[in-house]
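Novice: no FASTA, just this:
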């Protein structure tokens, strides 16, 4: 089987044959007219016959060129259609990787609004505490809580990962929680949580303050919140995710003092994909949609 001629030369031939003009083909391909002529020369040498008849102020297909042109045009049409179909499939599915807390306490409840605004697009949402590697995993965007943007990624701030102690209203009364020191008498769901130590320090308690032995160690803000609602102890939670639970009396936030260790929830995606229509659509929806969360923090 003989090797195919250079694709650049074939592409130049298809464009010249369609326009019957080296100048128009060069404009379309973003090449100089001399470069297009050179590519045609390469192809003619490979074919062993002229492909165009050069006439004063015009060109025409030779007999060989006239036989080759329809098949070349058909081949490029097949390629165009294949890539158009692939692009349509790619752009019709948005894959999101999100840290569990943001996924379960905000995104899952609100992603339907995005789909309502973009009914042509399907959404795949996966929650994981692992940072997605866009170079090896098939995700379009990620939502992660980090202390700063990652090189090579565009990052949009969604909200600060603030924290405050929360517990069930029943425990507030049972342990008579009236000032921060009273929390030390309440079971701590995760007593070695760095958020707890930082918050106690902000409240003016000694750095060596030690809470009572743990009820459990769950390692997930969502699970810790569930345990706190069930009356098992104090959990350090991001207040903006639990306004409904507080309003409905399932959780109590006895103190307005809020801690922050510099971590921020970001929407991230590769710089090379910043112009992807589906990523732009999700970004343009998500940033305004989370404005209320950021507004709560400003207030």
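Specialist: Arrived safely. Quantities reported herein were computed from a predicted structural model and do not represent experimental measurements.
Novice: who are the contact partners of residue 162?
Specialist: The contact partners of residue 162, taken as CB atoms under 8 Å, 6 or more residues apart in numbering, are 238-240, 258-260, 297. From N, CA and C alone the C-beta is placed, and that goes for glycine too.
Novice: how about these in a markdown table, adding pLDDT?
Specialist: Output for the contacts of residue 162, formatted as a markdown table (pLDDT from 0 to 100):
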| residue | pLDDT |
| --- | --- |
| 238 | 95 |
| 239 | 94 |
| 240 | 93 |
| 258 | 94 |
| 259 | 94 |
| 260 | 94 |
| 297 | 80 |
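Novice: any of the residues you listed buried? List them.
Specialist: The neighbour-count test (16 or more other CB atoms under 10 Å) applied to the contacts of residue 162 identifies 238-240, 259-260 as buried.
Novice: and the gap between the most centrally placed residue in the chain and residue 204?
Specialist: When the chain is reduced to its mean C-alpha position, the nearest residue by CA atoms, centre = their mean turns out to be residue 141, at 1.2 Å. In this view, residue 141 and residue 204 are 41 Å apart by CB to CB, to the nearest Å.
Novice: next one: the residue nearest to the centre of the chain from residue 115, what distance?
Specialist: For residue 141, the distance to residue 115 - CB to CB - is 15 Å.
Novice: cool, residue 277 as well?
Specialist: 15 Å.
Novice: do the same with residue 262
Specialist: 33 Å.
Novice: residue 133 now?
Specialist: 26 Å.
Novice: from the chain's centre, how far out does stretch 224-231 sit?
Specialist: A distance of 30 Å separates the centroid of the chain from that of stretch 224-231, by CA atoms, centre = their mean, to the nearest Å.
Novice: hang on, the earlier thing: out of residue 277 and residue 115, which sits in the busier spot?
Specialist: residue 115 (14 against 11; other CB atoms under 10 Å).
Novice: picking up where we left off before, any idea how far the residue nearest to the centre of the chain lies from residue 265?
Specialist: When residue 141 is compared with residue 265 (using CB to CB), they lie 13 Å apart.
Novice: for residue 9, same thing?
Specialist: Where residue 265 is concerned, residue 9 sits at a distance of 51 Å (CB to CB).
Novice: thinking again about what came up before, just give the closest residue to the residue nearest to the centre of the chain, not the sequence neighbours.
Specialist: residue 269 (4.6 Å; CB to CB, 6 or more residues apart in numbering).
Novice: hang on, that neighbour packs against residue 150?
Specialist: No. Proximity of residue 269 to residue 150 does not meet the contact threshold set by CB atoms under 8 Å, at 10.8 Å.
Novice: what is in contact with these two at once?
Specialist: Common neighbours of residue 269 and residue 150 (CB under 8 Å, 6+ apart) do not exist.
Novice: which one's more surrounded, those two?
Specialist: Under the neighbour definition other CB under 10 Å, residue 269 and residue 150 were set side by side, and residue 269 has more, 22 against 14.
Novice: that one belongs to a helix?
Specialist: No. Counting by DSSP: H, G, I helix; E, B strand; the rest coil, residue 269 falls outside a helix, being strand.
Novice: contact partners for it?
Specialist: 134, 140-142, 153-154, 276, 279, 283.
Novice: one more pass at 10 Å, please.
Specialist: By CB atoms under 10 Å, 6 or more residues apart in numbering, the residues touching residue 269 are 132, 134, 139-142, 153-156, 276, 279-280, 282-283.
Novice: look at residue 148 and report its pLDDT.
Specialist: Per-residue confidence for residue 148 comes out at a pLDDT of 83.
Novice: you'd agree it is up against residue 268?
Specialist: No. With contact defined as CB atoms under 10 Å, residue 148 does not count as touching residue 268 (11.2 Å).
Novice: what's the overlap in contacts for those two?
Specialist: residue 155.
Novice: just the buried positions in stretch 31-40, please.
Specialist: 31, 36-37, 39-40.
Novice: please compute how far that stretch lies from its chain's middle.
Specialist: For stretch 31-40, the distance to the chain centre is 41 Å (CA atoms, centre = their mean).
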